[in-house]
Structures are given as C-alpha cells and as structure tokens.
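**Q** Only the shape, not the letters, is given here:
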C-alpha cells in the first residue's frame, strides 16, 4: 500500500501545489486545538472518574473512621494484623490463581476442539459455548446458588443418582471455595475459548502441513508450532483475566456473601463489607488499595505484551 | 514412517500414509465432538435449570421427592407474577434508561477521542492512548469506595443519574481502545482524498470514518450495552432505594426476602433480566465476538 500512495501523491503536485499546501497549513494550525477538544470528554472521564478517585482513595485510606483526623498508615497496620484480613489475602490469591489457570486450560482445550470441527458446525458450537459469558454474572450466579441450595440441590440429585453422597456446596469452607471457583470458571472459560480460537485461526496451515510432512506428531505440532505462535495472546489473556478475577465481586457476593465465617471473602467483597456496610469508609478504601500493587505489576506486563504484539503486527 | 513420507516415494507408501492420516483425523473429530457435547451440557445446564425452575409451580419446587430436572406441570404463573410486579417493571425501566444514556455518552466520547488519537498526532497523544489502556485495566472494585464518597458529595447516591455518571468508567476506555484500532486500520489515502476535496475534520469523521468503521462501532456499542446492563458493583454500592435500582441489583436484593424464597419467580425474573443481552448476542454474534477479540488482536 505504501509504494502506491507515494507514487500517486507527487503526480498532481505541479497544478494544485499552492492551494493544497496552504489548505494543509490551515488544517495543521487548527489541528491540535480540534484534537484537544475531541479528546476533552475522554480526559475528563479518565481524570475525573478514574485518576482522581484513585488518588482520593489513597488519601481516604489514611483517615480515621469519622474522617476527621489523619492517622497515617494505621488502617493498613490494623488490617494486616487482623486474622480475617489475612484469610482474605490468602483466599483472594488462591481464588484468582486457581480460577485463571482452570479457565485458561478449559478455554484452550475447547478452542482446540472447536478448531477441529468443520467450519459449518463451528458457529453453532461457538454460539452455545459462549452463552455463560453473555448472561450478566450476577444473574447466572443466582441460578448456581439455587443449584447449590442445601436441601433442593439439583447437582446433588445427579451426584446421588450415580451413587455418591451429597456435597455441602456452600456450607463447608472448602466446598464453598470450590463452588466459587466452579462458577467463575464456568463464566470465564468461554472468553478464553473465543480468544484462543481467534489466535488458532491466525496460525497459518502451511506450518502444520510442513510439520506433518516432516513426520511431527500432533503433540509436537502443539508444542512447537501452536504454543509459540499463541504465546503472546495467551499471556495477555491470562494476565488480563488475573486482574478481573482478582477484583471479582459479583460471584462471591451472590453465591456465598463471604461466608461461611468470612472464609470466602475476597478483597472486593471484604472492602464492600467494611467500607459500605459497616460504614468504615477509610478502612474499606485501605482494603481495596491492597489490590493495587499486584494489579500494577500485572498491568505492566500486559502493557508490555500488547506493545510487543503491536510491533509484531506492524 | 518418516522415510515413506517423502513426496517422491512410490504410490503404495503414499496410500498408507493418507489412510493413517484419515483415521487420525476421524479420531480427532470424535474427541472434538465428545468434548464439545460435554462442554455444551455443562455450559447450558445452569440457564436451562433456571428455565425449568421458572416454569414449575411452587408446590412442585418444594417437592423433594421427584427429579428436579423434570417439570411435571409447566406453568406461566411465575412469569405472570413477576411481570405484574410493579417493582420489577421499575427495575427494568431503570435499566433501560440507564443503559441507553450510558451507551450514547460512551459512543460519543470514545468515537471523538479515538478519531483524534488515531489520526491527529498531537502533544501527548501517545501518553493518552496508553492511559486509556491502563484505565481499562483498573477494576471497578478498586474505585467504588472513593466514588461512593464523590457521588455522595454530589448528592447523587440513590439515583440512577449517579450511575449514569460513573458507568462511563467501565465502558469508555475499552470502546475508545478498540475504536482507535479500527480507525487506524483505515487507509490514509481516504482522508487525503477528503482533505483535497476540502472536507473539514468533522466531515471526515462523519462521512468517512464512521461509515467505514461501522462494524467496529457496532461492536463497541454492543460492548457498552452489555457492560452497563450487567454492571453490579456500582449499583450495589450506590443504590439502596428499590425504586431507583436497575435490574441486576434489584433482582438479587429485592426479590430475595425472608427465609422462604419464591424460587420460581426469582428465576423467572433473572431470566427476563438476562434476556436483552442474550437477544443482542443471538442476532449480532459476529460483531459481539469481533468486539471481544479486537481488544487483544488490534492492540
């Protein structure tokens, strides 16, 4: 495309040069003003509703409960010594890492299986498998909650039918943790599937044909062609999902509401409980700020991956 | 096997190779179908069970004897009851107003900004583009407490206008980001031609960029719609009065009261609330998926 344009532009120059260049100059002079006006609403949203609140959160977290006195890092101190909060840190990390790994594995597997199916049926399967991602999670979690209900559980009915005892899904801490992860994987795996499927389709078929001619097995093809070609998209998706899962609120809120005994609380739900429900806004802000360092590190790597990808595509 | 795989080899060797490939393919296809069937059952079971519950009578739901996955006496009474409930209709109405406002605001902000960022290189444009992406990575659960204070300070707690104010933080960054990608892929020759014909920037945007990038605009609109319809953290934090609640929090908090849940009505309500995004998805699946994948493949 580039050589075309460079060939086409010089041609009309002698005739229209003067008029065109002055028109261009006029545009250039007004360009930055127009550009600034066009981006102003965006700057207001980012500055006023993201950057400013983020800074304000840091200030808030250093106030006392009534927001009358500055108490430095005391809120953070109290939180770190609090046993419930220690379990919140542990549970958040456990939940996010397990759920993201499972989502990535399930998503990768499904994308691979979809890729094998003839193109005509692919659309139908893809349509069905993406349904969990489309339903607002707060609402689909209600359905899961009902399926986990201690006395009416339809999942336990199926488990009993094949001869196993009922599972106390939301009553027992470990089962409650697993339930939250199951729902999160159910909701998020389709997203991974769709991203990986798009990436799989972009790997040229010739690579696999060449490998097959050289006698490579399917596993070797996966290991030496698919994974290296998808490396970037895999890392971006995993890191991105890590942020979203780490900060998840709706599934925990609807399914367990933090229980039993606050053992399934994650940062977001605990911040909500402390900050909004118990009315200790500064300490709630401190709880949610604990997410920040981890998110900043992940965001750094995402940005690096995206930049690398942009350069590859250019 | 690798010895016989060379194309210059005799015909019998080639034949055997093709046969083994075919059986390998058949096996791969079988594995694929079995995995997909299992996955489809798991993925569709919860919404299906919600549907089954919503068409059962209360007596049948409370009956512990039978198979919960079967419906003996299907009924529409739960749907009639939930649609007849003025509070639920209020939730729906609030959700519609809220979503329409947020989608319009989002698209205006992000199309204008993406056009400027993709085409007019100006002081700080690169920083701003990176900033947009970083903002997309900031989760709502990090911001809801300071925003609670700010929205409260403006006197907009317990009002859907407070939500109209804060929802753009969920939608604008991603929409701007994918619109930058779509706009940047439009060939420069088009705007040069427009400039030579004497078009100004606004005409260039409305006559060239918006029509050419229409698939991107549809994808971004669908994204903004689904996100604001499904948003949960902000309404849960900012709204406590039932008459100002949108659907998500309304269904979750108001339809569950006391110890005896009206499960049939609850599931009917949740399904009706989930219907608009599902319908949009059913009709515009390709755009939906394009929007989903654009964020990572364009950037």
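**A** Everything's here; your move. No experiment lies behind these values; they were computed from the predicted model shown. Numbers count the residues shown, from 1 in each chain, chains lettered A, B, ... in the order given.

**Q** and residue 270, what is it in contact with?
**A** In the absence of a named chain, this looks at chain A. Residues in contact with residue A:270 (C-beta atoms under 8 Å, 6 or more residues apart in numbering or on different chains) are A:84, A:85, A:88, A:258, A:262, A:287. C-beta here means a position set from N, CA and C on the backbone, and glycine is covered the same way.

**Q** hm, I was asking about chain B
**A** Contacts for residue B:270 (C-beta under 8 Å, 6+ apart) come out as A:139, A:140, A:142, A:143, B:50, B:251.

**Q** what's the lowest-pLDDT member of those residues?
**A** For the contacts of residue B:270, the weakest pLDDT value sits at residue B:251, with 88.

**Q** count of residues packed around it?
**A** 30 (other C-beta atoms under 10 Å in any protein chain shown).

**Q** Is it in contact with residue B:91, as I believe?
**A** Yes - with contact defined as C-beta atoms under 8 Å, residue B:251 counts as touching residue B:91 (6.9 Å).

**Q** Residues contacting stretch A:233-248, please?
**A** With C-beta under 8 Å, 6+ apart as the test, stretch A:233-248 has contacts from A:92-93, A:95-97, A:99-100, A:103-104, A:108, A:184, A:188, A:191-192, A:195-196, A:198-199, A:227, A:266-268, A:291, A:294-295, A:298-299, A:301-302, A:305-306, A:309, B:137, B:139-142, B:296-297.

**Q** and the residue lying closest to residue B:207 once chain neighbours are set aside, helix, strand or coil?
**A** Closest residue to residue B:207 apart from its sequence neighbours, by C-beta to C-beta, 6 or more residues apart in numbering or on different chains: residue B:199 at 6.8 Å. Going by DSSP: H, G, I helix; E, B strand; the rest coil, the secondary structure assigned to residue B:199 is coil.

**Q** and the gap between residue B:199 and residue B:121?
**A** 19 Å (C-beta to C-beta, to the nearest Å).

**Q** These two - which one has more neighbours?
**A** Just comparing residue B:199 and residue B:121: by other C-beta under 10 Å the higher neighbour count belongs to residue B:199, 16 against 12.

**Q** Can you say which helix or strand has residue 39 in it?
**A** Assuming you mean chain A. For residue A:39, the host element (DSSP states H and E) is helix A:13-46.

**Q** if you could check chain B rather than the one you did, that'd help
**A** Judged by DSSP H and E, residue B:39 forms part of helix B:11-54.

**Q** what helices or strands is the helix or strand following that helix leaning on?
**A** Downstream of helix B:11-54, the next assigned helix or strand under DSSP H and E is helix B:58-62. If you count contacts as 3 or more C-beta pairs under 8 Å, 6 or more residues apart in numbering or on different chains; DSSP states H and E, helix B:58-62 packs onto helix B:263-283.

**Q** could you redo the last one with a cut-off of 10 Å?
**A** helix B:11-54, helix B:77-84, helix B:263-283 (3 or more C-beta pairs under 10 Å, 6 or more residues apart in numbering or on different chains; DSSP states H and E).

**Q** Buried deepest among the ones you listed, which one?
**A** Stretch with highest mean neighbour count among the helices and strands packed on helix B:58-62: helix B:263-283 (a mean of 21; mean count of other C-beta atoms under 10 Å in any protein chain shown).

**Q** what angle separates that helix from helix B:11-54?
**A** Counting by axes from the mean of the first three to the mean of the last three C-alpha atoms, to 10 degrees, helix B:263-283 lies at 140 degrees to helix B:11-54.

**Q** shaky segments in chain A?
**A** For chain A, the stretches flagged by pLDDT under 70 are A:1-29, A:310, A:312-314.

**Q** do that again at 50, thanks
**A** Residue ranges of chain A with pLDDT under 50: A:1-15.

**Q** Domain map for it?
**A** Domain ranges of chain A: A:13-60, A:74-313, per automatic domain parsing.

**Q** out of the ones you listed, deepest packed?
**A** domain A:74-313 (a mean of 19).

**Q** Tell me how far that one lies from the chain's centre.
**A** Chain-centre distance of domain A:74-313: 8 Å, with C-alpha atoms, centre = their mean, to the nearest Å.

**Q** which residue is nearest the middle of the chain?
**A** In the absence of a named chain, chain A is used. residue A:241 (3.0 Å; C-alpha atoms, centre = their mean).

**Q** wrong one, I was asking about chain B
**A** residue B:226 (3.8 Å).

**Q** Next up, the contacts around the residue nearest to that one when sequence neighbours are not counted.
**A** Spatial nearest neighbour of residue B:226, excluding adjacent residues (C-beta to C-beta, 6+ apart): residue B:277 at 4.9 Å. Contacts for residue B:277 (C-beta atoms under 10 Å, 6 or more residues apart in numbering or on different chains) come out as A:133-136, A:139, B:99, B:222, B:225-227, B:229-230, B:288.

**Q** Can I get those in CSV including distance to residue A:163?
**A** Below are these laid out as CSV (distance: C-beta to C-beta, whole Å):
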residue, distance to residue A:163
A:133, 33
A:134, 35
A:135, 32
A:136, 36
A:139, 33
B:99, 47
B:222, 45
B:225, 46
B:226, 41
B:227, 44
B:229, 42
B:230, 39
B:288, 41
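
**Q** and the gap between the residue nearest to residue B:207 and residue B:150?
**A** Taken as C-beta to C-beta, the span from residue B:199 to residue B:150 is 41 Å.

**Q** What of residue B:267?
**A** With distances taken as C-beta to C-beta, residue B:267 is found 36 Å from residue B:150.

**Q** Closest one of the contacts of residue A:270 to chain B?
**A** Lowest distance from chain B to the contacts of residue A:270 (C-beta to the nearest C-beta) belongs to residue A:287, with 8.5 Å.

**Q** Just read off the phi/psi values of the residue in the stretch 51-200 of chain A that chain B sits nearest to.
**A** Evaluated by C-beta to the nearest C-beta, the stretch 51-200 of chain A has residue A:136 as its residue closest to chain B, separated by 3.4 Å. Backbone torsions for residue A:136, taken as degrees, to the nearest 10, come to phi -50, psi 130.

**Q** Let me see the contact set for the residue nearest to it when sequence neighbours are not counted.
**A** Nearest residue to residue A:136 in three dimensions, chain neighbours excluded: residue B:230, at 3.4 Å (C-beta to C-beta, 6+ apart). If you count contacts by C-beta under 10 Å, 6+ apart, residue B:230 has them with A:134-140, A:250, B:95, B:99, B:170, B:246-248, B:273-274, B:277.

**Q** again, 8 Å this time
**A** A:136, A:137, A:138, B:248, B:277.

**Q** from what I can see residue B:203 touches residue B:194, true?
**A** Yes - counting by C-beta under 8 Å, residue B:194 is a contact partner of residue B:203 at 7.2 Å.

**Q** The two: which has the busier surroundings?
**A** Using other C-beta under 10 Å as the criterion, residue B:203 and residue B:194 rank with residue B:194 on top: 18 against 12.

**Q** Can you list the buried residues in the one helix or strand that one maps to?
**A** Applying DSSP H and E as the criterion places residue B:194 in helix B:188-196. Under the neighbour-count criterion of 16 or more other C-beta atoms under 10 Å in any protein chain shown, helix B:188-196 has B:191, B:194, B:195 buried.

**Q** Arrange these in CSV, one row each, with pLDDT and distance to chain A as further columns.
**A** As requested, those are arranged in CSV below (pLDDT from 0 to 100; distance: C-beta to the nearest C-beta, whole Å):
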residue, pLDDT, distance to chain A
B:191, 83, 11
B:194, 86, 11
B:195, 84, 7
